[in-house]
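# Just to be clear, the model below is a prediction. Sequence and coordinates:
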Amino acid sequence: MLYLLVSIPFIGALLVYPATERLRLPPSLVAGLMALSALVLLLFIGFPVYSGAVLLSRAEWIPQIGLSFSFRLDGLGLLFAELILGIGVLVVLYARYYLTELEAGPRFYAFLLLFMGAMLGLVLSENLLLMMVFWELTSLASFLLIGFRRHTSEARQGARLALFVTGGGGFALLAAVLIMGQIVGSYELSDVLASGRLVADHHLYPLVLVLFLIGVGTKSAQFPFHFWLPHAMAAPTPVSAYLHSATMVKAGIFLLGRFFPVLAGSELWFYMVSGMGLSTLLLGAYLALFQHDLKGLLAYSTISHLGLITLLFGLGTPLGEIAAIFHVINHAVFKASLFMAAGIIDHESGTRDMRKLNGLFKYMPHTAALAMVAAAAMAGVPLLNGFLSKEMFFGETLVLKWLVEAQWHWLFPMAATVAGIFAVAYSLRFIHDVFFNGEPVNLPKTPHEPPRWMKVPVEVLVVLCIGVGVFPNFTVRPLLESAAAAVLQQPLPEFSLSIWHGFNTPLVMSLVAMGGGAILYSGRKWLFRAHDRIPFQISGKQWAESLVESIFQLGEMVDRLLDSRSLRRYSFFLLAIVVAAGAVSLWGESFPAAKALTPVTIPVVIGGLLLGAGSIATAVWHGKRLLAVIMLSIVGLMTALLFAYFSAPDLAMTQLLVEIASVILVLLAMYFLPQLTPPESSRIRLARDITLGVIAGIGVAILSYSMLVQPLDSISSYYLSQSKPGGGGTNVVNVILVDFRGFDTLGEVTVLGIAAVGIVAMIGGLKIWGPEKDWLGRSWAGDRHPVLLTTVSKLILPFALIVSAYLFLRGHNYPGGGFIAGLVTGVALTLQYIASGSDRARQRLPWDNLKLVGAGILIATGTGLGSWVFGFPFLTTTFAYVTLPIVGKFEIASAMLFDLGVYLAVVGTVLLILAGMGGLHQREENV
Amino acid sequence: MLSVVISIAMVLLGIALLLNAWRLFRGPDATDRILALDTLYINSAALIILYGVDIGRADFFAAALLIALFGFVSTMALAKFLLRGDIIE
Amino acid sequence: MSMLIDLLIVFFLLLGSSFALIGSIGLVRLPDIFARLHGPTKATTLGVGSILLGSILYFSSRQGLSLQEILALLFLFMTAPVSAQLLSRAALHRRCDSIARLPEMDDGAEKKSGNS
Amino acid sequence: MSRSFTFFPHPLLSALLVVLWLLLNNSIEPGQLILGGFFGIVVPLFTRRFWPQRLGVGRPLLVIKLAGRVVKDIVSANFSVALVVLGPTEAVKPGFVKVPLDVDSDFVTTLLATLVSLTPGTVSADIDMEKRVLLVHTLNSDDPEALIQEIKTRYEAPIKEIFLC
Amino acid sequence: MELILALLIGITTASAVFLLLRGHTFPIVLGLWLLGYAVNIFLFVSGGLTEGSAPLVEQGLEILPDPLPQALVLTAIVIGFGMSAFLIVLALRALGDLGDDGVDGGEK
Amino acid sequence: MNHLPIMPVMIPLIAGALLFLIGGRGGGLDRVIGVTATVALLPVALLLLQVAGTGQVMVYYDGNWSAPFGIVLVVDRLSALMLCLNALLALASLLYAITGDDRLGPRFHLLFQMQLLGINGAFLTGDLFNLFVFFEILLIASYALQFHGGGKVRVRATLHLVVLNLIGSSVFLIGIGAIYAATGTLNLADLAVKVAAAGTGQAGLLKTGGILLLLVFALKAALVPLGFWLPPAYSVACAPVAALFAIMTKVGIYAILRLQGLVFGPEAGPAASLFTPWLLPLGLITVVVATFGILASNELRRLLAHLVVLSAGTLTLTLGLDSPSAVASALFYLLNSTLVGGGLFLLADLIARDRGDAGTSFVTSQTVSSPLLLGSLFFVGAIGVAGLPPLAGFPAKLYLLQTAFLHPAGNWVFSVVLISGLLVVVALSRAGSAIFWRTGKAQKPATGIASLQSAATASLLLGSAALMIGAGVTTGYTQATAVQLADHTGYVEAVMENRGVVVLPAGQGGS
Ligand code: NA
Ligand code: NA
């Protein structure tokens, strides 16, 4: 039942939200019906709660984090739920008339219902994390509602401010809840409430309390977080009437009540909560008086009343809690009606500025009467509900003299009285300044009574004000008792709800407040002037906005500082951290037990000299680009020799061929690139880069050395022993490539193919022109295709293809294989492009290289898939020795087919890349 | 005898490589450097073959064959770059 | 017999490496780029050729007839002149320092290429 | 120039490739012969777009004679270069010589230029196909006319005979 | 010998790192290329040094090199080629689209 | 023979190879192939998830070679989860792309399949070098996809991306070399055994190699100070590409997690818990810097790109908490942030199309023409990514914070995560209010929104809602995953037992 209850508003929201014109029923009607049905359901199922029952529903949701789908209906929840749904129904009704046709879209009601559901969920949650879910949802929904009039900057700012403050508080509260849950070991409210002093005695209690109060304070607009609330008045008035009187701002108060048994009872609680309440009470009351905006006045008054309730909770006395809860009800009722009245005035007169609004009584007497009653309740006039709870409040402040140190005991009653004086004064202003005080000034509209049904919600609420004020025991006592019992978690003390308690100090304080308020209001002109003369008005809003603004600015600053959008910086960071991390890891590690070192030989010394000199020369001469490429070629050649020397013929050949292809590649690019790199670096940067380079070099050298002296026992012995019997080849490297680790090779061919596709994609649409002259200003030589080159290249082609075939076929047993053969073919064909030019070469090599690559990959993959047919894993190879007449015995290996795929893909890629780049210049001439 | 001679031959080739490198680093013109690189390629082929004789295995011959076949391609590309800028026209 | 073959191997290896060295000395010593071109294209080629012959003899005498090396020689002879000519063309085009008077080059205007 | 499809666009090339294949594999086993034959057919078919014209060899015996001459010249060329390299470099009197050509086919010109480069004291520095001039760089430019004559008689003439042009 | 190789790898890495920190695409290409050599040699010698042999079995070789790093380096070389090619064309594309070959644009 | 474990790489590989041969010239055949292959990935991944969910570790022995000699593909809970996530994200991205973005440049579908191949391969492989190869595949594909659509900003971003990642690849190889030299193996399961048994002599090599790998993965995961390349790149990538890229940083995270769990765990001898001390600081710094980046962003796509970094940082710091529950919470967080992050990139594109010249920058512009759809989606996405209820980002954050509570550095994690969370909310509310609320007069949008586009976008964003509803099951799965990772003996045994190797009848050749 509780699930149904909570879900009704959400279902309503979902129903209403997407409805534009399609929904026959007006959204307001749906929303109202939803709220009403929820209220009826609540009253129905909530009945046992009055007699002390607690309804619980539990369902697992995320057991790993302790989030369960559990609801709880106890007295406190019932009270709040009734307020939420009751006032909710009235607000929907009110909004139906308040909002213009244009505004009253389904969106509004959807947001309102969303908010209603969130609030309902919040007050009914049994699971603390679930409660946090709803808590944050209320912030989000209120963001949407406050920002509903999105075209005005006030609405946008107000919404964002509210979200910032309440969202921030939400995160603090979340932390508090998490810590509490961890301390208790459960997030179920029942467990937490049953944990006694566990939290309060924990060493994290102060932290929990502070975080908790930040959450409470932000939501319930307590000083110093109160400032968002007045700006939230940019919301449509029904929203204010709902959120800022009865519901959202009471969420924090609700929490104070909820966690009272767990967190209250300490000195810290007393000082912090009552201190916060007291300051809010006074500040709100004071500032309310000076607002010219009708809703502003109500907003600050709300702040003040919330402070009052907080103060009561802070006092920690049982009667104080009862008074607090009582005032929650009363404030909700009269403030909602006042907001609605203010909305009517705004709606009918076009302004909320009290300096313009005067003498409305004669234009709208009915409304005025209602507003005056509600305002009187706010002021604490007897026979109205506000009087009762205020009396209890005054009474409780007096009790304190036994609690606090003697010399300060007067502070609380004193402050309460002062606040009372101001409350009377601003209530008076609300009545006098708007409904009397002469004639209206420059009103945009001529005011008149609103539609009949718009007043009904106000009337209902005003009747409640009076009903509670006159017959408290009859109307409100059961609810109050059950709620208070839920808060206190212990038997309630005796308390009396009656208008007359005799002539006692609270009554005196009330009378002083009335009289003082009247005097204060009569001296308002002097007061306003004095208030305006206060040199600096601390605006919480400005402060918060500048805080947000400076956060944004700080963000930009840090972002600009760190993220320079400079590749050089990125590279420097990357390389520096690699070097640093490498150094940290190597530091202090001993070299492994050295194996016998290899004696130095002359060829290695000479080759090494050339290699090292070539590397350094490349770096030194990098500005002269052609020179640098030549130097790099030495390094490449020497690397190939090194591979050969250290027993890697396949590698030596691959390196040689790739080197040649790379030189062609880079020369192709260099034609378009500037031939010289301008000297670009400052000395400092140069020194820095050299230093990093040297450190990196040293680091890698040390790592290499420790690797080289490391005796190694590797898995390679398996490859050596299995190559022939298992893989059918004697060239172990090739067998690894096409068999043991054929999967790698397939991936590598794929990389090549993708690179080629990417290159083709980048070349397409590239508009680039080569220079007319070389970098020394000479025009290019004539004769594009020297005859000697052309002829020799053509001559070489068949020979190269034969060599390629030779290397391919023997690759399984001797140095060679698909890669190397593919590179040979690729280079031989590229040579034709160089010798005879793109056009002619393309005529003679007319196939689509991209397709060739695809075919290669498909053949390699297909060979691998072939093994599926025989029930083997992908890439399982087989081989057989076949004996034919004449030919004799030879080997057929499926790995050869795989290697053929590799071959084709490599040929295709090399041609795509080199010939594709070679085609760039062609385009220029065609343009 | 053979191994001594091979060692001598290797030293001779090594010196040849160093001389090539001298021209390579010295220049003066880009053509000189490219020529030196070309020579370096050919001498490398010689070195590889000699190495094969030294260890008594023909496994490295293919590498020398590739240098003989394609060693001129880099040279040719570099020269064509000097002449025409665009090496594939 | 094998002694004689070994002597021949020694001869060819030494001759080859010597010529390779001479070619490289020429690369260093000769006065201009055009003169330097002669060293590598000839001496080095023959140097490699001799070493290849030595290799042929060596492997043929030990592991059965091996004539592969002839191929390398063939390729080398085919390609070395191409390098030489392109480099000399480049040097001519760049008007490199030369002891001989450089012939006139009609560069700049595109010449029609051969009928390749 | 279009001809009907044939399996042997260049029989000579095919034969050469078979020989190359056998050389590469150091073997004349039947299996290798068959493989070599296969490539001897396939490769020329593949590359025939590059060689639209069939090359004919007119006098096979002359080929051998020319080859012997070239080998001899290469060896002597190397010794003469060695002397120049190791001797006093001031003695070098290099020069450029323009050799007018009688041949006009690309292939033949290429062959000639290659031979010139491989042989004594000369490197073919440039070919001008329009003017049919071979620019030769020589290390010894005492008598350019003699050089031109030597090239023409020693190499160009036999080549012309061999390739029937 | 081990020391020589370690030094070579170090020198090549140092040169490469210096080049990688230049502000134009071309030296960076060179740097990556050079770094590729250093890395390939590094990976190659991770299996130790073996002179005068080849990873060929059943052919009378007594000491065989570790074939696995060779296969890995072969893969790395080929991948490196593809990557370099991509980068070079990208550098051209950047030149064509952005008008200069600086890596950080004109503003820096 | 059960070939299911290799299917996640086979499908995109074959599709990609086919796309080399056909497609590329429009005609729609490429779309058919691409979509078919991508759709097919989903049931495969789900089947794998189902099997892995029972706790079984599936091993596929490529080439029928036994471990540690051949390359193995391993599907455990973690791999299966990542495969599923990738399949979902890919499908949505591709469906979005086929409404037109795939035609912005050539060969989109080929590259897309290859991207999937690389990602799936990285999730599957049980071999260190093979991981490198798949990383290269996914990288080269990502370079090309990053460039897809062309234009100046993309060119520069791609250039930076490529250079940094090429450096990263070199570092990867150095790391592999060092680890191979120390252990003589590449198989991850075998490495787990060998590293645990390594002596102090190998400590330097192992530690350095491992740390270098960590940095490479951190580069992929875009952790500060290695990840500055990401925001400029992702913020300009074509929308479906950017959406798919949401998982790319997670590949880095995955690799960290895999190696941390398998090779450099607490029992790893001299390299025990090698990554752990680095992760928390790296993650915290990344979160802080990314938060500043989010605040500094003046347009939505850049903000989203920073959010990607933020999520990577959050994941990293969570892994730094070094406990099974941390891993479990990280995985849950990962699922949510990937789906929502991807969806938001698609949404940003829809917004940009709608707003015309204003694009996604936070300036006054014409009224968004479909505020109901786009605004709602934005709201949902913002909630999902900011970790607010009622979407799955919220329990993810709760889970993380609960884990952090027990850690000595928990207060740091609490403060950084919560404050950053608030600032993200602030930044997102600014973004949303600027885009949807601060509007001028209404105009017709530049391009209409195809229903497929909105469906793809919504499905990713609502993925967070689905995750929230199924959070119990999902966290149960991630918890089990974390437990499986913490005790790697199951993985090692499954791989090294070689039960999947087909034994030949005696006397038959081949392998
Ligand atoms: Na491989
Ligand atoms: Na096999």
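Perfect, I can see it now. Ligands and ions are numbered 1, 2, ... in the order given.
# Which residue lies nearest the spatial centre of chain B?
residue B:41 (1.7 Å; Cα atoms, centre = their mean).
# what about it, helix or strand, and which?
Element membership for residue B:41, per DSSP states H and E: helix B:30-55.
# give me the element the closest residue to the residue nearest to the centre of chain B other than its chain neighbours is part of.
Distances taken as Cβ to Cβ, 6 or more residues apart in numbering or on different chains put residue B:71 closest to residue B:41, at 3.8 Å, once the chain neighbours are dropped. All C-beta atoms are positioned from the backbone trio N, CA, C, and that covers glycine. Using DSSP H and E, residue B:71 sits in helix B:61-84.
# who in chain D is up against chain A?
Neighbours of chain A within chain D, by Cβ under 8 Å from any Cβ of the partner chain: D:13, D:17, D:20-21, D:24-25, D:29-31, D:34-35, D:39, D:43-44, D:46-47, D:49-51, D:106-107, D:109-110, D:113-114, D:124, D:127, D:129.
# In strands only, show me these.
Those of the residues of chain D next to chain A mapping onto strands are D:124, D:127, per DSSP state E.
# Produce a PyMOL select command limited to the buried residues of the residues of chain D next to chain A.
Buried subset of these, written as a PyMOL selection, criterion 16 or more other Cβ atoms under 10 Å in any protein chain shown:
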select buried, chain D and resi 13+17+20+21+24+25+35+39+43+44+47+50+51+106+107+109+110+113+114+124+127+129
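# can you tell me which of the residues of chain D next to chain A are in helices?
D:13, D:17, D:20-21, D:24-25, D:30-31, D:34-35, D:39, D:43-44, D:46-47, D:106-107, D:109-110, D:113-114 (DSSP state H).
# what about the residue of chain E found nearest chain D, which SS state?
In chain E, the residue that lies nearest chain D is residue E:59 (14.5 Å; Cβ to the nearest Cβ). Taken by DSSP: H, G, I helix; E, B strand; the rest coil, the conformation at residue E:59 corresponds to coil.
# Run through the residues that contact it.
By Cβ atoms under 8 Å, 6 or more residues apart in numbering or on different chains, the contact list for residue E:59 reads residue A:730.
# Leaving out chain neighbours, which residue sits closest to residue 63?
Reading this off chain A. residue F:472 (6.3 Å).
# wrong one, chain F
Nearest non-adjacent residue to residue F:63, counting by Cβ to Cβ, 6+ apart: residue A:875, 4.3 Å away.
# for the record, mean pLDDT for the longest helix seen in chain C?
Identified as the longest helix of chain C according to DSSP H is helix C:2-29. Helix C:2-29 carries an average pLDDT of 91.
# Packing partners of the helix or strand harbouring residue F:478?
Assigned by DSSP H and E, residue F:478 belongs to helix F:471-486. Contacts defined by 3 or more Cβ pairs under 8 Å, 6 or more residues apart in numbering or on different chains; DSSP states H and E place helix F:471-486 against strand A:60-62, helix F:77-97, helix F:248-262, helix F:324-355, helix F:393-405.
# tell me the centre residue of chain D?
residue D:111 (2.9 Å).
# Was I right to think that residue contacts residue D:158?
No: counting by Cβ atoms under 8 Å, residue D:111 does not reach residue D:158; the two are 10.4 Å apart.
# Poorly predicted segments of chain C, please.
Residues of chain C that meet the criterion pLDDT under 70 lie in C:1, C:105-116.
# quick one: contacts for the residue nearest to residue A:63?
By Cβ under 8 Å, 6+ apart, the contact list for residue F:472 reads A:60, A:61, A:62, A:63, A:64.
# burial count for the second one?
For residue A:61, the tally of surrounding residues (other Cβ atoms under 10 Å in any protein chain shown) stands at 22.
# Would you enumerate the residues in contact with residue A:580?
Residue A:580 neighbours (Cβ under 8 Å, 6+ apart): none.
# name the helices or strands packed onto the lengthiest helix in chain D?
Across chain D, the longest stretch assigned as helix under DSSP H is helix D:60-86. With contacts taken as 3+ Cβ pairs under 8 Å, 6+ apart, helix D:60-86 sits against helix C:2-29, helix C:45-63, helix D:106-118, helix D:157-162.
# just to revisit the earlier point, next one: the longest helix of chain C, is it in contact with chain B?
Yes: under the criterion of Cβ under 8 Å from any Cβ, helix C:2-29 makes contact with chain B via C:6, C:9-10, C:13-14, C:16-18, C:20-21, C:23-25, C:27-28.
# Checking my notes, residue D:98 in a strand, right?
Yes: with three-state DSSP as the criterion, residue D:98 is part of a strand.
# What's the local residue count around it?
Residues within reach of residue D:98, counting by other Cβ under 10 Å, total 16.
# State the phi and psi torsions of the residue nearest to it when sequence neighbours are not counted.
Spatially, and ignoring its direct neighbours in sequence, residue D:98 is nearest to residue D:133 (5.0 Å; Cβ to Cβ, 6+ apart). For residue D:133, the backbone dihedrals are phi -130, psi 130 (criterion: degrees, to the nearest 10).
# ok, residue D:133 - contacts?
D:98, D:99, D:100, D:101, D:127.
# ok, the residue nearest to residue C:54 when sequence neighbours are not counted to residue C:42 distance?
Distances taken as Cβ to Cβ, 6+ apart put residue C:12 closest to residue C:54, at 3.5 Å, once the chain neighbours are dropped. To residue C:42, residue C:12 is 17 Å away according to Cβ to Cβ, to the nearest Å.
# Neighbour count: those two, which is higher?
A side-by-side neighbour count of residue C:12 and residue C:42, using other Cβ under 10 Å, places residue C:42 first with 32 against 21.
# still on that earlier bit, quick one: the very next helix or strand once past the helix holding residue F:478 near chain A?
Next helix or strand after helix F:471-486 toward the C-terminus (DSSP H and E): helix F:489-496. No: using Cβ under 8 Å from any Cβ, helix F:489-496 stays clear of chain A, coming no nearer than 12.2 Å.
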